[in-house]
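Trainee: take a look and give me a structure for this.
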Amino acid sequence: MSGPFADHDRALRTRMQLAAPPIAIGFHRAPPAGVERFDRPMPAPTPDGRTGRVAAGCVFWVHATTRGFATVAADHANCSVGSYTHGFVSRADAATSGDVAAIVAAGWIAASDFPSIPAVEETPGAVTYEPLAEARHGDVVLVRLHAAGLMTLLDAWPDLVIEGKPQCHIIALAQQHGRVAASVGCALSRARTGMPATEATAAIPIDQLDALVDRLARAADANAAVARYAGTDAARFEADA
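Mentor: Predicted coordinates:
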């Protein structure tokens, strides 16, 4: 069933040659009516009490390419970093967890880095995830893309913010700060989602989607014209080889 963003879905897939269908992520005070809860069983908790429906909130990005669902704080709770960036727990509470202790001990991130990591400020009662083509709710559109798609996105949106770890904080940059933001990914997320090393992600405030799609069309057309010129020009050298 198509929703109000079906045309945007097609445009994003075509213009950025996406690695997976785009999804819509929505932040709500309570689970919205008519949206099923994500219902995978929780495993036994770790010694510090962590468990959840999936290993980390970024795993919901994968499931949402095929169906829509709603989540609550407990569903995200196995990953303290993602719970913090999505506004479910405070920075102080996240810092006391075993998974944060492990990544700090590995030298992956320093405890002093936490204050600079963007997070959603208002604690949500629920977060929804839906395929963009069918979405009825949403604050942020998340796309998974390759280098060529990231090139087109940067051409279309020069104010694009390109970030590193943790990958999930680009959701907060889009939802909280209204920024179009990309991430090169992070080891924590790649291990938990299985996202290929060739993929990056980008988060788009949904109220900027119309403007972005328009700019993407112009950027993609310009890139295609330049590629045709360059291909014709390069053929001269192949003929002489």
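
Trainee: sec struct for the residue nearest the centre of the chain, please.
Mentor: Compute the mean C-alpha point of the chain, and by Cα atoms, centre = their mean the closest residue is L142, 4.2 Å away. With DSSP: H, G, I helix; E, B strand; the rest coil as the basis, L142 sits in strand.

Trainee: which ones are touching it?
Mentor: The contact partners of L142, by Cβ atoms under 8 Å, 6 or more residues apart in numbering, come to P22, I23, A24, I25, W61, I171, T201, A202, A203, I204. Where you see a C-beta, it was placed from the backbone N, CA and C, and this is true even at glycine.

Trainee: so of those residues, which ones are in strands?
Mentor: Judged by DSSP state E, the contacts of L142 include I23, A24, I25, T201, A202, A203, I204 as members of strands.

Trainee: need those in CSV (columns: distance to W157 and pLDDT).
Mentor: Output for the ones in strands among the contacts of L142, formatted as CSV (distance: Cβ to Cβ, whole Å; pLDDT from 0 to 100):
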residue, distance to W157, pLDDT
I23, 19, 98
A24, 18, 98
I25, 19, 98
T201, 15, 98
A202, 9, 98
A203, 12, 98
I204, 9, 98
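
Trainee: of those residues, closest to S116?
Mentor: Among those, A203 lies closest to S116 (Cβ to Cβ), at 17.7 Å.

Trainee: quick one: buried residues of the lengthiest helix in the chain?
Mentor: When the chain is parsed with DSSP state H, its longest helix is helix 209-240. For helix 209-240, a neighbour-count test (16 or more other Cβ atoms under 10 Å) marks L209, L212, V213, R215, L216, A219, A220, N223 as buried.

Trainee: what is that helix packed up against?
Mentor: helix 6-16, helix 147-156 (3 or more Cβ pairs under 8 Å, 6 or more residues apart in numbering; DSSP states H and E).

Trainee: now that helix, how far from the centre of its chain.
Mentor: Computed by Cα atoms, centre = their mean, to the nearest Å, the chain-centroid distance of helix 209-240 equals 27 Å.

Trainee: just the angle between it and helix 6-16, please?
Mentor: Calculated by axes from the mean of the first three to the mean of the last three Cα atoms, to 10 degrees, helix 209-240 forms an angle of 30 degrees with helix 6-16.

Trainee: quick check: angle from helix 209-240 to strand 200-205?
Mentor: Computed by the same axes, to 10 degrees, the angle between helix 209-240 and strand 200-205 is 150 degrees.
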